[in-house]
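*Asks:* For reference, the sequence and a predicted model appear below.
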Amino acid sequence: MKLITIHSEYIKLDTFLKLADCVSTGGMAKALLHEGMVKVNGESEERRGRKLYPGDQVEVEDCGSFQVAAQ
């Protein structure tokens, strides 16, 4: 599991996916989420604007597992 450090209180899921190098654009993030390829804390997630906080875990099919960490 890779740690992704954020410098604010939270990060939106679509921005997180770009930061984790799973997608390069917001459109790609939308498609990935729509296909059900993303889980947040073990549950399938489709909302691009889902707020992620330090400690949240994100699993992306074909990309890996990540944990949100505070700076």
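*Replies:* Ah, there it is.

*Asks:* For this structure, which strand extends over the most residues?
*Replies:* Counting residues, the longest strand found in the chain (DSSP state E) is strand 64-70.

*Asks:* Who does it pair with, and is each partner parallel or antiparallel?
*Replies:* strand 2-6 (parallel), strand 57-60 (antiparallel) (DSSP bridges).

*Asks:* Tabulate those strands in TSV, adding columns for distance to residue 37, mean neighbour count and mean pLDDT.
*Replies:* To be clear about C-beta, it is placed using only N, CA and C from the backbone, and glycine gets the same treatment. Formatted as TSV, the strands paired with strand 64-70 follow (distance: least, CB to CB, whole Å; neighbours: other CB atoms under 10 Å; pLDDT from 0 to 100):
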stretch	distance to residue 37	mean neighbour count	mean pLDDT
strand 2-6	17	13	94
strand 57-60	6	18	97
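
*Asks:* and those strands as CSV, adding distance to residue 33?
*Replies:* Formatted as CSV, the strands paired with strand 64-70 follow (distance: least, CB to CB, whole Å):
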stretch, distance to residue 33
strand 2-6, 17
strand 57-60, 10
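
*Asks:* closest to residue 71 out of those strands?
*Replies:* strand 2-6 (5.5 Å; CB to CB).

*Asks:* In this structure, where is pLDDT below threshold?
*Replies:* For the chain, applying pLDDT under 70 flags no range at all.

*Asks:* repeat that for 90
*Replies:* 26, 71 (pLDDT under 90).

*Asks:* Name the residues of the longest strand of the chain that are buried.
*Replies:* Of the residues in strand 64-70, 66, 68 count as buried by neighbour count, 16 or more other CB atoms under 10 Å.

*Asks:* circling back to that earlier point, what about the strands paired with strand 64-70, which gets the closest to residue 13?
*Replies:* Per CB to CB, nearest to residue 13 of the strands paired with strand 64-70: strand 57-60, 7.6 Å.
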